[in-house]
Structures are given as structure tokens and as C-alpha cells.
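A.B. asks: Build me a model from this:
(2 chains)
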Amino acid sequence: MINFLTFSENLPSNQEISKSQFFSPFIILIQAILSQNKLKLHKQLNKQMQLLRRVYQFGSTKHRFASDITSTNRQKMNLFQAINNALDIELGANPKALLFGEDVKFGGVFRCSQGLNEKYGTDRVFNTPLCEQGIGAFGIGLASVGYTAIAEIQFGDYIFPAFDQIVNEAAKFRYRSGNQFNCGSLTIRSTWGAVGHGALYHSQSPEAYFAHTPGLKVVVPRDPIQAKGLLLASIRDKNPVIFFEPKALYRNAEDEVPLDDYELELSKAEVVQQGKHITLIGYGTSIRVLKEASKLAEKDGVSCEIIDLQTIYPYDGQTLVDSVKKTGRCIITHEAPQTCGMGAELSAFIQEKCFLHLEAPIKRVAGYDTPFPLVHEPIYLPDKFKIYEAIKQSVNY
Amino acid sequence: MKHFMRFSKISKAFKEVPSQYVYQINPIKNFEPIKQFRVIDLEGNLIAKEYNNIPKETLNQIFDLMISIEEMDNILYMSQRQGKISFYMTSFGETATTVGTTAALQPQDFIFPQYREQGSFMWRGFTIEQIVNQCIGNHLDGGKGRQMPVHYGSKDLNIVTVSSPLTTQVPQASGAGYGFRVNGENKIAATWFGEGAASEGDFHSAMNFAQTLKCQTLFLCRNNHYAISTPTDDQFRGDTIAGKAPAYGMRTLKIDGNDLLAVYNGVKYAREEIIKNKEPFFIEFITYRIGDHSTSDHSVLYRSQEEIDSWKSGNNPINRLGLFLKKQGLRQFNDEHDNQIRKDVRNRVIAALKNGSEQQSPSIQDLFTDVYDEVLPHLQDQYTQLREHLTKYKDQYPINKFKGGL
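C.D. replies: Residues are numbered from 1 along each chain as shown, chains lettered A, B, ... in the order given. Predicted coordinates:
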């Protein structure tokens, strides 16, 4: 079993340590020798070495792209382990950080908080009663008095009792108070998207409801490396952020994730694959689907540019516009229902900015306007064949 | 050994339901209603002598503030009728609860108000000018003219900004109180809400979270008998709101909200208990809304003038405190002095209205600031678009009303 709780014994060379941290083991050593207490000496030294061993940075490194991270200090992790690592880093670095939600204490139903209660104690990593509206409000209250509240909503499908608190309170807290108060240190983590057998209430992608709310930020990562960096950036962002974690990727997505404390910029989209003929835009799980679809299109000689939106709102319009001006064609995909999904917003935005550059209408390949089905899931989802077909139609327009 | 360790870890948090049984069907039908804690009677006579312990200076300051708020509310209500402000909410009949409570709290305690707590704001130092500027929404408003009147807030005074959705502040206070506890702070989160607001789901989640997670939160329910036009009989059953609190495992007090000494002593006691036990406390104040719900309400449409008058003359917090102070010799009552206080307040409110209405509104940029901590690119774009539009159609918009103009 991968022990993702220990950190590297060797600190990276670019690590910054304060003078007091560096000298403290020696000071303790001298104090202990003077007191001639060997047991105390041993204990104190251990404690100080533990502190030094942690990957502690004053201000984590911030990057635009994960590829900018040069650190070789990496470990193979899946998505839930990367999330766990990010939470561990924040809880360790920030004594005012608290993690809470349903079943968080024993490790979480998706293991994201595994080991954290044992490490940080029940005051900081704890179960809440079964009440999403309470979880949202509790988090807002904590954030309004200066705590870093990391609230977990077990399934995005169950975020709606907290909708009033999120939309009417969290999003508007700073604006309505004339910036006297804010709940910027609130982050709501929730699970998201199809999982194969989730049906109506374990598969939803509710990002569009929140993208329509000024004052919020909405983020969806595509893999473990992005997830860790985007989650740390979201937690430290001075605005309330809703962070949706694709549950289908918790175990299935694996990568060599840097162990450092790093953040990836919010409101920046990433071109994950360069291409010439058509721009494919997606986020979360659909990036994998887009890659598969582009392989099919490649056989027909169509070169696809794939963009991961990453931050759903406020989104990085510039990257999208630059790409579509280059390719002249665009497809947007998401699992959420087509009408008024993010595809609708991005289509409107892109056609407004790139009208004269377009060679074909912008097409959305999205879930149908039905509740998320069970047995019909394989034909409901916007899969690689539907996207491939849309690529063909766009190219042949 | 490992299994044993796991079991003992689980059973520490596991709370088995007590094994107590009855062998007959005897449903619980009625709860004995909780009685209201009272110190002075309706004529200001001292009954519970051991609670006559508030310093004379504090009592006089409280009385001064209660009559000042009455005057201010009168003028601002009328100023809405005259079109000087768009909306207002008075607090006639309820100032013993708000002023008395805030006087008994500490300045570092955070207050999460509902909307009728000008008493809380002003006890801590919120000025008449700040109130009027917020109601007008000029550039001097700390809220930058973003909200309707009476939506005050003050970071300096530790009172979180009012928001219109009811009861949303209550579970937020549970969260804040939790933070204070785990950080070992000598602070509580005190939150106001009405008996109507206590019907919202947020009330239940707040109470359950606060007791289960042990939050340093003080719940202050002001039962003024009406939620706009809805009397308590259409709002709930059972023993008012206080009757619900023990079911959450919470310490509870029901207090005669028009008895200033009872309010002050009760809140002082509750605060000490919260800090000592690191657990929440619930207080329900029984009072009466003498005025209309707001300037958009005309309460004689749903209640009789006789009912209003019976509380106004028979159980009025200002009269009861005044009579108590007189009978105890704690205040020199003479017409000249008291009228002077009221006159000064009136003049000050009128001056504030005049000065406030001459001020400009916050700048055009302030439409776009504070949505996030920074003005993000898409908002910059929209601001630029607005500027272009306003420049082109400048005669169609009151541009000079905004500070800094275009």
C-alpha cells in the first residue's frame, strides 16, 4: 500500500527554511545537554527533525502549467491520494485550516480524508451532522471569522440544500458588506460526474448552476497532478471556490504527482494537445474522451487541439479565442445536460469573439436534456464516437 | 490486539441509545411550558432582588439609547413616507432585547444580526450618521450603497452585515462559534432571529450543528408575536421556540424580553456558561412588535389597534425600565432633560438626512468591485463596455450622481 502520508527525507534544493527552524535542533540539543536529560534530548530532537522533514515552504510555488514543475520529488498517486496529499499539506501548513463534512472523520467514502483525523485531531478534521445546508452555512461562518474552511459535500447531486447559502450568502458576502467581510477562505469540495452506475443521484454535473453566480469560482480538475495544484490554489484563493472532483477518476487516474506544495493558476485553461483543424473544449473526465475522439479523427487526417477549461467560472476566454481563431472550428463537450450547460455559454462567447474566423457552427456534444439515467447511461453519455461524428460534421461543413 | 484497538476506537465515538423501556403505550402529549425569567414587573417594581446588580451608569446609558432609537425610528419612518429614503424598519417595543443583550456581551463577541437590531449596532457605537448614510446609500455608506436600507454591517464593531434572506446567519454563527472554541478564544458568536425565521430549515441545522460540534454560539430568538402578518398561531405549535432547544441537548432560557434587567442578566449568565462549558446556549425573548413590520406594511390590516395599544401602554420596555429607574432613584426624571435628549436626536437625524442626501452615490466602478477580491478580467471588460455606453448616452443617465462621474 502506498504510504502517501510520509514525505521525502531529502528536502528539495530550492527549499527555503527559516533561520530559526535551521538552528532550533542545535539549540534544543544544547539545552538538553545542559539539563542532562537524555530522554528529553531524544524526544525534542525527534520532534525538531520531524518538523524539518516536512515539505514546508513559505509560500508554495505557483505555476501556470504542471509541466512547469521541475521537481523530481514525486510519487505515484491516484486522484483521491492526490487530493489527500493536498489536504495534508494545507492542514500542516495552516493551523487555521479545518476539514469537515459527512463521514470525513473515518477517511471519507472516497478515502480523500484518509489518515487526516488521526494526524490533525478531531477539532480540525471532523464529521458534521447529515445536513448539506448546515455544512455550507457552517463553512461560511468559519470563513467569515478568518478560518480556512474546507467543506466536503459527499455528492454533487446533494449540494442543492446548500444552494441558498452558496448563492445568496457565500457568493455575495464580500460585495454586500462593502468588503468589510468576506468568506474567501471557504472551499467546498464535492464529487462530480458519471461513474458507470450512479443514475440520477450519484452522477450529476451541477457546475452550470454555480457558474451563473457572480462571486463564486468553480473548478474541475482532469487528473491527479492538476487536482492537487488546483485544489491548493482554490483553498488559498481569497474567494469562495467550489471544487468538483470527478469521482470516476478517484481510483482510475494515476500519475507521478510532485510531493511539493504547489499551486496551479485558477482561471487559466490549458491546451493539453496542440492541433490545427479544430478546437475541442472540455473539462474533468471529458478530456480523456476528447483524447480518444481525437485519435479516431487523426486517422482521417484531422488534427485536433484539445483544451481543458480547468476553471469553469470565471473561465479563461483568451485561450479559447486564440485557439478558435487559429482552427476556425469548435466543439464543446460536457456530461451535463445540453440546454444552458457550460457549452451554451462558451458557444455564445466564442461566436461573439471569433465570428469571422468560424468555418462551421460551434457544436455542443453534451448529455441529453433528461435526468441522468441508469441502464441508458452508455447511450446517454457524450462518448468518443459522438464527438468523432461531430468533428466529421464540422470539418465537412 | 489490533482488532481490540479498533473496537475501542469505534466505541469511544459510538453512543448507544440507553436501554430503557416501558410496557404501555403512553405517548408524550404536552410539554410543561418553560416560564419567562423576569426581574421587574409591568410597573417597574423590583421582584427578583438578587438581579438588581447593573451599574447605575450602564442603566442610564441603556435608557438614553432606548429613547434615542425610538426618536430616530420615528423620524426615519416618516422620512420614508416623504420619499427621502426608500425603505425602513423600526424596532418599537423591542429595544430592551437588542440594547440589553449587547450591553451584556463583550465587544469582541461577533454578532450575526437579522434586521431589527439597530439597538445592537448603536450600543456598540454605530452612529446616527452611519445609519442614515446606509439608508440613503451614499458614498459614505460602509456597504458602498449595495444594499437596501437597514442592511447595516460593521467590521470595527464585530457585527456581520445584515442580509435579507432569513435565518441564513444562524448556522453561520454556529460555524463562527466553532472556530472560536477550537482556537480557545474568549469570544462567542451571538445570532439574532425572529420566531418566524425559526421555522426555516437553517434554524434546525444551526441548532444541531452547534450542540453536536460544541460551538461557542449564543442563539437569540426574539419572539415578537408576528412575522409580517403571520401571528405565532400560524407559525408553530409546541412551547414557542424555546421548547425546541432542549431537544437538541441545549441549555435554554425563556426571558421576558420587555424586562431590561432580565435580558441583561440572562445574557450575561448565558455568555459565561458558553465560555465555561464551551457549548452553545439558547435564549428566547418574549416581546411584541409595536410598529409595522416595515414601511411596506400596514399592520392594522391584520391586527387590532386595541391589541397594539395594550402592549404599547401595558407592557412597554421603555416605560418599565423608566419606572424602575424612578422608583429606585437611579435616574433624575424631568421633562426638560428627557425632552432635550429626544430633541437632540431628532435634530441629529434630520441633519444627517440633509447632509446625506447631498452626498454622491458610490462610484460607477463600485458596481464591479468586491465581487471578488480583485476585479477580474471579464468584469474589467464589462466595466469598459458600460463606460463606453454611458459616454455615448450620457444625457440619458444620472452620471453625476456617482462619485467621480465617468
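A.B. asks: Where do the strands of the stretch 201-350 of chain A begin and end?
C.D. replies: Using DSSP state E, counting those that start in this stretch, the strands of the stretch 201-350 of chain A run over A:217-219, A:241-246, A:254-258, A:262-264, A:270-273, A:278-282, A:304-308, A:311-313, A:330-337.
A.B. asks: right, so of these, which gets closest to B:P231?
C.D. replies: strand A:241-246 (40.0 Å; C-beta to C-beta). Glycine gets a C-beta too; all of them are placed from N, C-alpha and C.
A.B. asks: So what are the sheet partners of the closest one and their directions?
C.D. replies: strand A:186-192 (parallel), strand A:217-219 (parallel) (DSSP bridges).
A.B. asks: And the residue lying closest to B:E195 once chain neighbours are set aside, what's its pLDDT?
C.D. replies: Leaving aside its chain neighbours, B:E195 sits nearest to B:N223 (4.0 Å; criterion: C-beta to C-beta, 6 or more residues apart in numbering or on different chains). On pLDDT, B:N223 comes in at 98.
A.B. asks: cool, and A:P25?
C.D. replies: So, for A:P25, pLDDT stands at 59.
A.B. asks: Taking chain B, what residue is nearest to chain A?
C.D. replies: B:G175 (2.6 Å; C-beta to the nearest C-beta).
A.B. asks: Now do the contacts for that residue.
C.D. replies: A:A137, A:F138, A:G139, A:I140, A:G141, A:L142, A:A143, A:S144, A:A149, B:A189, B:F209, B:C215 (C-beta atoms under 8 Å, 6 or more residues apart in numbering or on different chains).
A.B. asks: I'd like to know which of the strands of the stretch 201-350 of chain A lies nearest to B:E200.
C.D. replies: strand A:241-246 (22.9 Å).
A.B. asks: wait, doesn't A:E335 sit right on A:G282?
C.D. replies: No: with contact taken as C-beta atoms under 8 Å, A:E335 and A:G282 are classed as non-touching, separated by 9.6 Å.
A.B. asks: which of those two has more neighbours?
C.D. replies: A:G282 (29 against 26; other C-beta atoms under 10 Å in any protein chain shown).
A.B. asks: Would you agree the more buried one is in contact with A:E292?
C.D. replies: No: the pair A:G282 / A:E292 is not scored as a contact, 11.5 Å apart, by C-beta under 8 Å.
A.B. asks: Domain-wise, how is chain B divided?
C.D. replies: B:36-358, B:366-401 (automatic domain parsing).
A.B. asks: To clarify, my last question referred to chain A.
C.D. replies: A:4-53, A:66-258, A:270-395.
A.B. asks: Figure out which of these is closest to B:G257.
C.D. replies: Nearest of these (C-beta to C-beta): domain A:66-258, 25.1 Å.
A.B. asks: Check the separation of the first and last residues in that closest one.
C.D. replies: With C-alpha to C-alpha, to the nearest Å applied, domain A:66-258 spans 9 Å between its terminal residues.
A.B. asks: can you give me how far it is from the chain middle?
C.D. replies: On the basis of C-alpha atoms, centre = their mean, to the nearest Å, domain A:66-258 sits 8 Å off its chain's mean C-alpha point.
A.B. asks: since we're on B:G83, how many residues are nearby?
C.D. replies: The burial count for B:G83: 7, using other C-beta under 10 Å.
A.B. asks: so what's the backbone phi/psi at it?
C.D. replies: For B:G83, the backbone dihedrals (degrees, to the nearest 10) come out as phi 80, psi 10.
A.B. asks: could you pull out the strands for chain B?
C.D. replies: Using DSSP state E, the strands of chain B run over B:110-112, B:189-194, B:217-223, B:226-227, B:230-231, B:251-256, B:281-286.
A.B. asks: do you know which of these lies nearest B:H337?
C.D. replies: strand B:251-256 (28.0 Å).
A.B. asks: Do you know the pLDDT at B:K2?
C.D. replies: 49.
A.B. asks: Over to the one 3 residues further on?
C.D. replies: In the prediction, the pLDDT value recorded for B:M5 is 48.
A.B. asks: next one: B:H337
C.D. replies: For B:H337, the model assigns a pLDDT of 85.
A.B. asks: What is the neighbour count of A:E263?
C.D. replies: 21.
A.B. asks: and the gap between it and B:K392?
C.D. replies: The spacing between A:E263 and B:K392, counted by C-beta to C-beta, to the nearest Å, is 42 Å.
A.B. asks: Flag the shaky bits of the chain, pLDDT-wise.
C.D. replies: You didn't pick a chain, so chain A it is. Where chain A drops to pLDDT under 70, the residues are A:1-26, A:28-29, A:31-59.
A.B. asks: hm, I was asking about chain B
C.D. replies: Using pLDDT under 70, chain B drops low at B:1-14.
A.B. asks: top helix in it by residue count?
C.D. replies: Looking across chain B with DSSP state H, the single longest helix is helix B:56-81.
A.B. asks: could you say what helices and strands that one packs with?
C.D. replies: On a contact count with 3 or more C-beta pairs under 8 Å, 6 or more residues apart in numbering or on different chains; DSSP states H and E, helix B:56-81 meets helix B:95-104, helix B:118-123, helix B:128-136, helix B:260-277, helix B:317-327, helix B:335-358.
A.B. asks: that older thread, out of the strands of the stretch 201-350 of chain A, which is the most enclosed?
C.D. replies: strand A:278-282 (a mean of 29; mean count of other C-beta atoms under 10 Å in any protein chain shown).
A.B. asks: quick check: angle from it to strand A:304-308?
C.D. replies: Between strand A:278-282 and strand A:304-308, the angle comes out at 20 degrees (axes from the mean of the first three to the mean of the last three C-alpha atoms, to 10 degrees).
A.B. asks: Give the other helices and strands that strand A:278-282 contacts.
C.D. replies: Using 3+ C-beta pairs under 8 Å, 6+ apart: strand A:278-282 touches helix A:286-299, strand A:304-308, helix A:317-327, strand A:330-337, helix A:384-395.
A.B. asks: Could you export those as CSV, including distance to A:I278?
C.D. replies: Output for the helices and strands packed on strand A:278-282, formatted as CSV (distance: least, C-beta to C-beta, whole Å):
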stretch, distance to A:I278
helix A:286-299, 8
strand A:304-308, 5
helix A:317-327, 5
strand A:330-337, 7
helix A:384-395, 6
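A.B. asks: among the ones you listed, which is nearest chain B?
C.D. replies: helix A:317-327 (7.0 Å).
A.B. asks: hmm, that closest one touching chain B?
C.D. replies: Yes: when contact is scored as C-beta under 8 Å from any C-beta of the partner chain, part of helix A:317-327 falls within range of chain B: A:G317, A:Q318.
A.B. asks: Just the C-alpha atoms of that helix, please, in CSV.
C.D. replies: Presented in CSV, the C-alpha positions along helix A:317-327 are these (Å, rounded to 0.1, in the frame of the first residue of the first chain):
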residue,chain,number,x,y,z
GLY,A,317,-11.7,33.1,-22.6
GLN,A,318,-8.4,34.3,-24.1
THR,A,319,-7.0,30.8,-24.6
LEU,A,320,-10.3,29.6,-26.2
VAL,A,321,-10.4,32.6,-28.5
ASP,A,322,-6.7,32.2,-29.6
SER,A,323,-7.3,28.6,-30.4
VAL,A,324,-10.5,29.0,-32.4
LYS,A,325,-9.1,31.9,-34.3
LYS,A,326,-6.4,29.5,-35.4
THR,A,327,-8.5,26.5,-36.2
